[in-house]
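J.: Here is the input, now give the coordinates:
(4 chains)
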Number of protein chains: 2
Amino acid sequence: MRQGHFQEQATGGGKRERTRSALLDATVAVVAAKGMEATKILDITEAAGLANGTFYNYFTDKDEILREVAYGIALAVSRQLDEEMSSIEDAARRVVTATARFIEITIAEPDWAHVLLGSAEHLPEVRRDIYRYLRSDIERGVEQGKFDVEVTPFLLDQVAALIGVALRAQIHGGRNPGLARQTCESILRLLGMSPAKARKLASAA
Amino acid sequence: MRQGHFQEQATGGGKRERTRSALLDATVAVVAAKGMEATKILDITEAAGLANGTFYNYFTDKDEILREVAYGIALAVSRQLDEEMSSIEDAARRVVTATARFIEITIAEPDWAHVLLGSAEHLPEVRRDIYRYLRSDIERGVEQGKFDVEVTPFLLDQVAALIGVALRAQIHGGRNPGLARQTCESILRLLGMSPAKARKLASAA
DNA sequence: CCATAAAATGAGATTACTCTCATATTTGAG
DNA sequence: CTCAAATATGAGAGTAATCTCATTTTATGG
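T.: Next up, the predicted model:
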């Protein structure tokens, strides 16, 4: 099995850290294959090549490991995005870049898409974390006069839903280069840009 | 317990029809309360005031009854919509009317919202049925020069996702009069109308 | 290489559900 | 009212999962 994200994080740690990470990585794979609801403890330990009892030396129950996986991946993604976006001032370009890069990341790590979708659905805390970024960029756009919307939780749900559609399309239909562009364009339209401007900006991603 | 949709359909039928409908109505209530995945046979029979074994006199398993419930409700909704829309020619107004009425219906029958959301997620056949209507109205709008989009399954997913956001908001936040208007406006924007026109049309719902 | 601490194991107790079926009850036609 | 057909019942067999814990295996510092 390929080295997973959590294993990489844990290189240098002792055996305890390595086994723990093996369980986390196995969970990512199982969630991607069967979905969060259908994931069983035994699936996880089997995927990690461990006995079922070992699980309980590290986590108290399934929810705990699922939350930890979700946070770990959300953190990894947001770190990557933060880095690339620190220099962008224009709000519309920030939204386009964040969206496009987000989708690209999940093309490189398809399992993450499953985990993030599952998290958005089942773990409200994770969703709220993601929304903080989204909200601040959209508010900036309104201040800059680029977007014409009222920034409400409902609007954030709409934007997040469009990103979710892209992740799902990517999971089912395989990589599709037009997908990120199309999603950016739709989000900009939703935020109140004219269709023409939205198209131009989305193409420049 | 209040008389459910399926009971109403079955008035006049014999005992067999009535028990069957009681199970279908009970399923709607349980799915609304716990979600499709978490719905157990025993929940259904208890809610219907029947013994667990009775279930198997009518359905072979949980999937069968879930599908039947989903189709029954999708059918009820689409019948109501069809009726009200038959006279509308303008595609943009068709989209606005369908969306707004759809949301109104699920405000009147909140349990239906849960069932429809669950169906969209778990029953691709039901989703495809709903998409047929959506697609034809959007295509009409493109022909009429009102919409500026390429009509792909991906676009339909996006539109459906925006409707889904409205249903979820309505479930969690309670009835909210601005919700339908806001959703219509977003969908029109997504379809390539100018923000100004989208606003005007959405307000006229 | 030993002794001890840390980690892993997997059998089995427990819980929760699905589905079957022999039996009991209800219905309604004559 | 009677009786056969239709319907409802719920105990229990089968299955699948969670979680515990006494035991075994492995790692490590001396």
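J.: What about the residue nearest to A:E185 when sequence neighbours are not counted, how many residues nearby?
T.: Nearest non-adjacent residue to A:E185, counting by CB to CB, 6 or more residues apart in numbering or on different chains: A:A202, 3.8 Å away. Every C-beta, even on glycine, is put in place using the N, C-alpha and C of the backbone. By other CB atoms under 10 Å in any protein chain shown, the residues close to A:A202 number 24.
J.: what does A:L155 give?
T.: Neighbour number of A:L155 under other CB under 10 Å is 20.
J.: Same question for A:V115.
T.: Residues near A:V115, counting by other CB under 10 Å, number 24.
J.: list the contacts for it?
T.: Listed by CB atoms under 8 Å, 6 or more residues apart in numbering or on different chains, the contact partners of A:V115 are A:V28, A:V31, A:A32, A:V69, A:A70, A:I73.
J.: by how many degrees do the strand or helix carrying it and helix B:110-122 diverge?
T.: Counting by DSSP states H and E, the element that carries A:V115 is helix A:110-122. For helix A:110-122 against helix B:110-122, the angle by axes from the mean of the first three to the mean of the last three CA atoms, to 10 degrees is 170 degrees.
J.: how far away is A:A113 from A:V96?
T.: Distance of A:A113 to A:V96, computed by CB to CB, to the nearest Å: 19 Å.
J.: Show me which of the two is the more surrounded one.
T.: Each of A:A113 and A:V96 has its neighbours counted (other CB under 10 Å); A:V96 has more, 26 against 22.
J.: Now the more buried one: which helix or strand?
T.: Assigned by DSSP H and E, A:V96 falls in helix A:91-108.
J.: Just the buried residues of that helix, please?
T.: Within helix A:91-108, the residues that count as buried by 16 or more other CB atoms under 10 Å in any protein chain shown are A:91-107.
J.: just stretch A:147-159 next, same as before
T.: Those would be A:F147, A:V149, A:V151, A:F154, A:L155, A:L156, A:D157, A:Q158, A:V159, for stretch A:147-159 by 16+ other CB under 10 Å.
J.: Specify which member of those residues is nearest to DNA strand D.
T.: In terms of CB to the nearest atom of the strand, no member of the buried residues of stretch A:147-159 lies closer to DNA strand D than A:D157, at 30.2 Å.
J.: So chain A: which segments form each domain?
T.: A:5-59, A:69-203 (automatic domain parsing).
J.: among those, which is nearest DNA strand C?
T.: domain A:5-59 (1.7 Å).
J.: if you look at the closest one, does any of it touch DNA strand C?
T.: Yes - Domain A:5-59 comes into contact with DNA strand C (CB under 7 Å from any atom of the strand), by way of A:G14, A:K15, A:R16, A:T19, A:L50, A:A51, A:N52, A:G53, A:T54, A:Y56, A:N57, A:Y58.
J.: Mind listing what's buried along stretch A:70-79?
T.: A:A70, A:G72, A:I73, A:A74, A:A76, A:V77, A:S78.
J.: any chance of those residues in JSON lines, plus distance to A:N176?
T.: Below are the buried residues of stretch A:70-79 laid out as JSON lines (distance: CB to CB, whole Å):
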{"residue": "A:A70", "distance to A:N176": "25"}
{"residue": "A:G72", "distance to A:N176": "27"}
{"residue": "A:I73", "distance to A:N176": "22"}
{"residue": "A:A74", "distance to A:N176": "24"}
{"residue": "A:A76", "distance to A:N176": "23"}
{"residue": "A:V77", "distance to A:N176": "20"}
{"residue": "A:S78", "distance to A:N176": "24"}
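J.: Of these, which are in range of chain B?
T.: By CB under 8 Å from any CB of the partner chain, no member of the buried residues of stretch A:70-79 lies near chain B.
J.: Mind checking which of those residues are in strands?
T.: Using DSSP state E, no member of these falls within strands.
J.: Tabulate these in a markdown table, adding columns for distance to DNA strand D and pLDDT.
T.: Compiled in a markdown table, these are given as follows (distance: CB to the nearest atom of the strand, whole Å; pLDDT from 0 to 100):
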| residue | distance to DNA strand D | pLDDT |
| --- | --- | --- |
| A:A70 | 17 | 97 |
| A:G72 | 20 | 97 |
| A:I73 | 21 | 97 |
| A:A74 | 23 | 95 |
| A:A76 | 25 | 95 |
| A:V77 | 27 | 95 |
| A:S78 | 29 | 92 |
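J.: now, among those residues, which is nearest to A:H122?
T.: Comparing those against A:H122 with CB to CB places A:A70 closest, at 8.5 Å.
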